[in-house]
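Participant: Starting from these lines, generate the structure:
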Amino acid sequence: MMKEADDAQLIREYKETGELTYLAALYERYMDLVYGVCLKYFDEEASKDAVMQIFEELIDKVKQHEIERFRGWLHVLARNHCLMKIRAAKGRVVSIEDNGFMELGENNHPDNGFSLENDLQAMEKCLEGLPEEQKRSVHLFYLQEKSYREVADITGYDMNKVKSYIQNGKRNLKICMEKN
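Facilitator: This next block holds a predicted model:
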C-alpha cells in the first residue's frame, strides 16, 4: 500500500496515526535528494549524519506544517539544516543572497555583540522599505516558498515582472542589510 500511496496520503496517514512507517516510506523516496543537498555542504560522512538528523527533524515538523509539495518543502528543510549546521560551526549569521543565502561580514559575528535577532529585525525593516511589488514578490518567493508561477498567479503580476521584482528586491535587501 505504501509504495502506491502518494506523498499527501502518506503525510495524512502519519499525521493521523503517528506511525513512523508512513514517514519512513515517504522519506525513503527522497533520501537521495536530501543526501545530494547535504553533499553540497559537507563530506560524505557528515552528509550521511545530516540525512539521519533531518529525518529526526521531520518527526515533529511534518506534524506542525501544512505541506503542499513535500519534495520542494523537504529540499528547503535540508538546505536550511545544512546552513544552520555551518552557521553553528562558524558562528556566522546567514541571510538571503544569490543562491538563497549569504554569510554576513565579520562585523555581524556574535562575539561582536550582534545577534541573530538583530539581523532578523534589520532584514524585516529592510523588507518593509522595498517597493510594494518587490516586497510582496520576495515575501512570497522566499518566506512562503512559492514558485515564480505561484507568485505570478497570487499577485497577478506578469511572470517576467515577478522575476524582475524578486531579483531587484533581493539586490535592494542586500544593499540595505550591508548599510545596517
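Participant: Now the residue sitting nearest the centre point of the chain: closest residue in space, sequence neighbours ignored.
Facilitator: By C-alpha atoms, centre = their mean, the chain has its centre lying nearest to Val76, at 3.8 Å. Once flanking residues are discounted, Val76 sits nearest to Glu145: 5.7 Å by C-beta to C-beta, 6 or more residues apart in numbering. Backbone N, C-alpha and C define where each C-beta goes, glycine included.
Participant: give me the element that neighbour is part of.
Facilitator: Here Glu145, judged by DSSP states H and E, is contained in no helix and no strand.
Participant: State the distance from it to Ala25.
Facilitator: Distance, Glu145 to Ala25, by C-beta to C-beta, to the nearest Å: 24 Å.
Participant: hey, where'd the strands end up in the protein?
Facilitator: Under the criterion DSSP state E, strands of the chain are mapped to 94-95, 102-103.
Participant: so how far is Arg12 from the residue nearest to Val76?
Facilitator: To Arg12, Glu145 is 20 Å away according to C-beta to C-beta.
Participant: could you pull out the helices for this protein?
Facilitator: Ranges of helices within the chain are 7-17, 20-39, 44-64, 70-90, 116-128, 132-138, 148-155, 159-179, based on DSSP state H.
Participant: looking at those, which has the lowest confidence?
Facilitator: Mean pLDDT is lowest for helix 116-128 among these, at a mean of 75.
Participant: got the contact list for Leu74?
Facilitator: By C-beta atoms under 8 Å, 6 or more residues apart in numbering, the residues touching Leu74 are 27, 30, 33-34, 58.
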